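**Q** fold the following, please.
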Amino acid sequence: MIRLVDVAKAFGEKRVLTKFSLDVNEGETMVIIGYSGTGKSVAIKHVVGLLKPDSGQVSVDGLDVPRLPRRELYSLRARIGYVFQFAALFDSLTIGDNVVMGLRRQGELTESEMAARVEEALDLVDLPGVTGHFPSELSGGMRKRVGIARAIALRPKYLLYDEPTTGLDPVTSAVIDQLMIRMREKLGVTSVVITHDMRSAYTVGTRIAMLYDGRVRQVGTVDEIRSTQDPVVRQFIEGRPELDADSDEFGE
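**A** Okay, here's the model as predicted:
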């Protein structure tokens, strides 16, 4: 279980999170939505210890993440796969070398075991036979799938996705959505998905939380979010601008 309680985080004078609280239960896919720049990515970086809260609590499986010694933090990170927004592949490395990086860092498998794990991960994202290719030879959607393969090669308990469908066309986005569902169903992973894409949120989420003004504005099932009466949440999920549609400001 992932638990964040009253997490606060500021960068200089800019307060990003203020009393951010959220529980992510085992086996679910929690989707965090919200406007750009509201701190969605900041929130999940606390889960893997990439950021430490100014105050509040962050725990994973009962472990106090900000206070873990370095070795124990690395051990925790081995159980958490992180899929970066733009895949974050190294252009100078082959796909195989990109996917195997985390396994090499762990140093627990032989070369043949790592090669088998890489092929298994690429098969799970429908990219067999691409280990010798370079990222520049793949489409944007394929690079995103490689990013997922790199994360699942570690056989993590948790998967964190940071804007997985950003920059993709609708068809490719739908493919990524189905892969996220497959990861939950076939691997049994617990996932947190950061997105502002409501079509994706409704497709992959078991629960959805909206981050607004530094804290969770509302959290609920897909149906509960769809039928919300909260005006802030409704405005976001319906994609309505802040300007009142009935305004005559433009002389109409």
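**Q** doesn't Glu119 make contact with Ala153?
**A** No - counting by C-beta atoms under 8 Å, Glu119 is not a contact partner of Ala153; they are 9.7 Å apart. No exception for glycine: its C-beta is placed from N, CA and C like everyone else's.
**Q** who's more crowded, those two?
**A** Between Ala153 and Glu119, counted using other C-beta atoms under 10 Å, the more crowded position is Ala153 (22 against 18).
**Q** not counting sequence-adjacent ones, nearest residue to that one?
**A** Once flanking residues are discounted, Ala153 sits nearest to Ala121: 4.1 Å by C-beta to C-beta, 6 or more residues apart in numbering.
**Q** can you check Met101 too?
**A** Using C-beta to C-beta, 6+ apart and skipping the chain neighbours, the partner closest in space to Met101 is Arg150 (6.8 Å).
**Q** tell me the spacing between that neighbour and Glu163.
**A** Plainly put, Arg150 is 16 Å away from Glu163 if you go by C-beta to C-beta, to the nearest Å.
**Q** quick one, which of the two is more surrounded?
**A** Set side by side, Arg150 and Glu163 show more neighbours around Arg150, with 27 against 19, by other C-beta under 10 Å.
**Q** next, count neighbours for Ser136.
**A** For Ser136, the count of nearby residues is 9 (other C-beta under 10 Å).
**Q** quick check: phi and psi at it.
**A** phi -70, psi -20 (degrees, to the nearest 10).
**Q** ok, now how distant is it from Thr94?
**A** The value you get for Ser136 to Thr94, if C-beta to C-beta is used, is 11 Å.
**Q** buried ones in the longest helix along the chain?
**A** Secondary structure of the chain per DSSP state H: the longest helix is helix 170-187. Going by neighbour count (16 or more other C-beta atoms under 10 Å), the buried part of helix 170-187 is Thr172, Ser173, Val175, Ile176, Asp177, Leu179, Met180, Met183, Arg184.
**Q** wait, isn't the third one in contact with Gly140?
**A** Just to be clear, that refers to Val175. No - with contact defined as C-beta under 8 Å, Val175 does not count as touching Gly140 (11.4 Å).
**Q** centre-most residue in the protein?
**A** The centroid of the chain falls nearest to Tyr161 when counting by C-alpha atoms, centre = their mean (1.8 Å).
**Q** surely it is within a strand?
**A** Yes - according to DSSP: H, G, I helix; E, B strand; the rest coil, Tyr161 belongs to a strand.
**Q** ok, it to Ser75 distance?
**A** 22 Å.
**Q** which residues does stretch 195-208 contact?
**A** Residues outside stretch 195-208 that contact it (C-beta atoms under 8 Å, 6 or more residues apart in numbering): 28-36, 161, 163-166, 170, 173-174, 176-177, 180-181, 191, 193, 219-222, 225-226, 237, 239.
**Q** which ones are touching the residue nearest to the centre of the chain?
**A** Val83, Met180, Ser191, Val192, Val193, Ile194, Thr195 are the contacts of Tyr161 under C-beta under 8 Å, 6+ apart.
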